[in-house]
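S.K.: sequence and computational prediction follow.
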Amino acid sequence: MIRPITLPLLVLALAGVLAMVISVGVGSVAISPADVLSVFLGEGSNLQRTLILELRLPRTLSAFATGGLLAVAGALMQVLLRNPLADPYVLGLSGGAAVGALLAMLAGLGGAVISGSAFAGALLATLMVFGLAHGTGSWTPSRLLLTGVVVAAGWGAVITLMLAISPARELPGMLYWLMGDVSYARIPWPGLGLLTVVCVLVVPLGRSLNVLARGPMQAAALGISVRPLEWLIYILASLLTATAVTMAGSIGFVGLVVPHMLRLVLGNDQRLILPACALAGGTLLVLADTLARVVIAPEQLPVGVITALLGVPTFLYLLYRSR
Amino acid sequence: MNAMQSRHMQTLSTRNLVIDIPGRADGYPLDLTIGSGQIWGVLGPNGAGKTTLLHTLAGLRPPRAGALYLDDVSVSGIKRRVFSQQLGLVFQDRQDGFPATVMETALIGRHPWLSPWQMEGADDLAMAQRALEALDVLHLKNRLVTTLSGGERQRVAIATLMTQSPHTWLLDEPTNHLDLHHQVAVMKLLTDRAAAGNAIFMCLHDLNLAARWCDHILLMYPNGEACWGPAERMLVPNALERLYNQQLATVEVDGAPFFVPKRV
C-alpha cells in the first residue's frame, strides 16, 4: 500500500489533459493543439472560440465526467461485492434508468425530461434493490448481488417490451440511448463536481475499503462498522452511476475494465485506485468519444460501441499477461 | 494520539459469559481472566463452541448472557476502533476473495491505529516488515495472497495480527496447515509475545501442542460444560478422555506429558 501515490496520478492527469486537447481539436474543422491552447488562454478567432468553448468542450468534459463516474462506481461495487468482475450496472441500475428514459421518449418529451426521467428510474431501481435485498432476513453482499441480478433481468424484459411496441421512428434514438451516447450531454458540471467530491472522500474511505476487501469479519475485527460502511458504498456507487447514466445513457465496460486494468498495473490500494479510476475512466471515454465522432464522419457512432470494442481486447490481453 | 495511554495493558475478562450456540439449551457461564503473560489453550471436540467463544471474546457476536470487560470497563461501552487496538483475532477461515499482496494484507493491521486522514508511515511499514520477517514470509511480500499455499497464508494472517499489535491475541487454530518446523516457530513466537507481556488465547486441535506450550487450559465439552485453570491441573488423562470420548495413553517427552490415542 505504501508506494508513491502522486506519480501515477500525475501521469494519468497529464494523459487526461492531452486527451481533452486532442478531443476538442478534432472534428469537421480541425484545430491544432497550439490554437486550442490559445483559445483556453482567451485568444484565437471567434469561430474557434465558438467551436471549442460552446460546442466541443462541454461534450468533452461531459464524456470525461461520465467515464470517471462509471469507473469509480465500478471500483466501489467491486469492493462492496468482493468480486473483481462486478460493474456499476450489475445491480440493475442502468435498467431502471433506461426504462425511465425510454418512457420519456415514448411520450415524445425532450432532452431535459429524458435526463430527469432516467435519473428517477435509476433511483427507483436503487431503492428497489435496497429494499428487497434487506427483506426480512440478514443482509449479505451475495443476497444483494442476487437481488440486483434478478431485478436487472426484469428491467431487461421491460426494455425489450418497450422497444417492441415503440413506433419505428423512435427506435434509433432509443437504441443510441441504450448503447450510451454523449452527444446530447451539455452540462458537465454536476458530474465533475460529484467526481471531485468523491476523490476527496477517498482518503478516509479508501483505507476502510482496503480492510473491507479482506472480508467483513476481518474488517469488523479491525474496528470497522461493516454494515454502515457497506450501505455508504452502495449509496455512493448508485449516486455516481445514476449521474453518469443520466448524462450519457448506459455506456458499458468502462466501469468493469478501467478498475481492473488499473489494479493489474497499480496494485490494490483503494486510495490510489479510486482517483486513478476517475482520471483513467474519464480519459478513456474522451478518447472513445473522439473516435466515435471521426470513424464514420460526418455520421457518429454511439460511444458505448467504441468502449466495448476498445475495452474487451485490452482487458483480455491484460488478464492473459497477469500473474 | 496519546500512544502511551492507549498502549496501557488492559486485561480481558468475562463475567458469567454464556456464548450463544444455536440449538444448545443452556450454556455454562464462563468467568475467565486472560492475564498478561499467560498463554491459554482452548481444547474441545468439533462443535463444542471454540470458534464461537473466540468471536464472542472479540466482540463480533453477542453473548447469550454475561459481559466482557477490559480491566473494569465493560467492552460494550468501548469504541470498536479503540477495542481493536487492545485485542486482535486470527480467523480460522480465510476470506481472501479480493486480490491483495502479502505486504498490503499485513498493513491492514495498522488500521485501528491510524486516524481517518492518516496514511501509513515509515513506522507502520517497518512494523509490517518485522512481522512478516518473524513469520518467515517477508520474501513473499509482493506476491498476491491468493497465490500462496495454505501454510503461507496462515503465517501471513498471524503476521497481520502481529502488525496490529494488540495486547490480547486471540488465535483460532494458529497451527492449521503449518509444517512441523513452522508449528514450533509459531508457538515459540507466541511464547515470546507472552514473555513480553501480551496475553495469548488460542483454540488448538493438537492436545500435545497445548500440553507443551500453554500455561492455562480451557476445556469445552460438547454439552456446553466447561472447566479451566492452570495447564498441569487440567491436562489429566481422565478429563481429556471424557473431553474427546477417546482412550489416551500418556508418555513423557522433554518433561511434558504427551498424549497418544489408544488403538481401538
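M.R.: Right, received. Where do you want to start?
S.K.: what about the residue of chain A found nearest chain B, distance to A:A221?
M.R.: Among the residues of chain A, A:G215 lies nearest to chain B; the distance is 3.0 Å by CB to the nearest CB. C-betas here are computed from N, CA, C, even on glycine. Separation of A:G215 from A:A221 (CB to CB, to the nearest Å) stands at 10 Å.
S.K.: if you count what's nearby, which of these two comes out ahead?
M.R.: More crowded of A:G215 and A:A221, by other CB atoms under 10 Å in any protein chain shown: A:A221, with 29 against 19.
S.K.: that one reaches B:L60, doesn't it?
M.R.: Yes. Between A:A221 and B:L60 a contact is recorded at 6.5 Å, counting by CB atoms under 8 Å.
S.K.: which residues do those two both contact?
M.R.: Residues within reach of A:A221 and of B:L60 at once, by CB atoms under 8 Å, 6 or more residues apart in numbering or on different chains, are B:L89.
S.K.: now do the contacts for the spatially most central residue of chain A.
M.R.: In chain A, the centroid-proximal residue (CA atoms, centre = their mean) is A:L70; its distance is 1.8 Å. Contact analysis of A:L70 by CB under 8 Å, 6+ apart lists A:88, A:240-241, A:244, A:251, A:254-255, A:258, A:281, A:285.
S.K.: with B:S76 instead?
M.R.: B:67-68.
S.K.: that's a helix at it, yeah?
M.R.: Yes. Read with DSSP: H, G, I helix; E, B strand; the rest coil, B:S76 is one of the residues of a helix.
S.K.: around chain B, pick out the residues from chain A.
M.R.: Within chain A, the positions near chain B by CB under 8 Å from any CB of the partner chain are A:1-2, A:78-79, A:82-84, A:203-204, A:207-208, A:210-211, A:213-218, A:220-225, A:263, A:267-269, A:271, A:323.
S.K.: among those, name the buried ones.
M.R.: Neighbour counting with 16 or more other CB atoms under 10 Å in any protein chain shown marks A:1, A:78-79, A:82-84, A:203, A:207-208, A:210-211, A:213-218, A:220-224, A:263, A:267-269, A:271 as buried within the residues of chain A next to chain B.
S.K.: just those: which are in helices?
M.R.: Filtering these for membership in helices, criterion DSSP state H, returns A:78-79, A:203, A:207-208, A:210-211, A:216-218, A:220-221, A:263, A:271.
S.K.: is it possible to get CSV of the contacts of A:L70 that adds neighbour count?
M.R.: Below are those laid out as CSV (neighbours: other CB atoms under 10 Å in any protein chain shown):
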residue, neighbour count
A:P88, 31
A:L240, 28
A:T241, 30
A:A244, 36
A:I251, 31
A:V254, 33
A:G255, 34
A:V258, 32
A:G281, 33
A:L285, 35
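S.K.: make CSV from those residues and add secondary structure to it.
M.R.: Shown next, in CSV, are the contacts of A:L70 (three-state DSSP):
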residue, secondary structure
A:P88, coil
A:L240, helix
A:T241, helix
A:A244, helix
A:I251, coil
A:V254, helix
A:G255, helix
A:V258, helix
A:G281, helix
A:L285, helix
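S.K.: residues from the stretch 1-150 of chain B in reach of chain A?
M.R.: Counting by CB under 8 Å from any CB, the stretch 1-150 of chain B comes close to chain A at B:58, B:60, B:79-85, B:88-89, B:91, B:94-101, B:103-105, B:107-109, B:111-112, B:114, B:116-117, B:119-120, B:124-125, B:144, B:147.
S.K.: please, a ChimeraX command that selects the buried ones among the residues you listed?
M.R.: Buried residues within those, by 16+ other CB under 10 Å, are selected in ChimeraX with:
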select /B:58,60,80,81,83,84,85,88,89,91,94,96,98,99,100,101,103,104,105,107,108,109,111,112,114,120,124,125,144
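S.K.: low-scoring stretches of the stretch 201-323 of chain A, by residue?
M.R.: For the stretch 201-323 of chain A, residues meeting the criterion pLDDT under 70 lie at A:322-323.
S.K.: count of residues packed around the nearest residue to A:P188 once chain neighbours are set aside?
M.R.: Distances taken as CB to CB, 6 or more residues apart in numbering or on different chains place A:L61 nearest to A:P188, at 3.7 Å, with adjacent residues excluded. A:L61 is flanked by 23 other residues according to other CB under 10 Å.
S.K.: which SSE is A:L61 in?
M.R.: Using DSSP states H and E, the element containing A:L61 is helix A:57-80.
S.K.: could I get the average pLDDT for that helix?
M.R.: Averaging pLDDT along helix A:57-80 yields 93.
S.K.: for B:Q10, give me its contacts.
M.R.: B:Q10 makes contacts with B:70-71, B:86, B:167-168, as judged by CB under 8 Å, 6+ apart.
S.K.: what about it, distance to B:D71?
M.R.: B:Q10 is 5 Å from B:D71, where distance means CB to CB.
S.K.: in chain B, what residue comes closest to chain A?
M.R.: For chain B, the residue closest to chain A is B:Q95, as judged by CB to the nearest CB, at 3.0 Å.
S.K.: could you point out which element follows the worst-scoring helix or strand of chain B on mean pLDDT?
M.R.: Counting by mean pLDDT, DSSP states H and E, chain B has its least confident helix or strand at helix B:3-6, which shows a mean of 41. Scanning forward in sequence from helix B:3-6 by DSSP H and E, the next helix or strand is strand B:12-18.
S.K.: what does that next one contact?
M.R.: Applying CB under 8 Å, 6+ apart, the contact partners of strand B:12-18 are B:26-34, B:56-57, B:63-70, B:86-87, B:168, B:199, B:201.
S.K.: tell me which residues in stretch A:148-168 are buried?
M.R.: By neighbour count on 16+ other CB under 10 Å, the buried set for stretch A:148-168 is A:148, A:151-152, A:154-155, A:159, A:162.
S.K.: Throw those residues into CSV and include pLDDT, thanks.
M.R.: Listed next are these as CSV, based on pLDDT from 0 to 100:
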residue, pLDDT
A:G148, 88
A:V151, 90
A:A152, 90
A:G154, 93
A:W155, 93
A:I159, 92
A:M162, 92
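S.K.: need phi/psi at B:R143.
M.R.: Main-chain dihedrals, B:R143, degrees, to the nearest 10: phi -80, psi 150.
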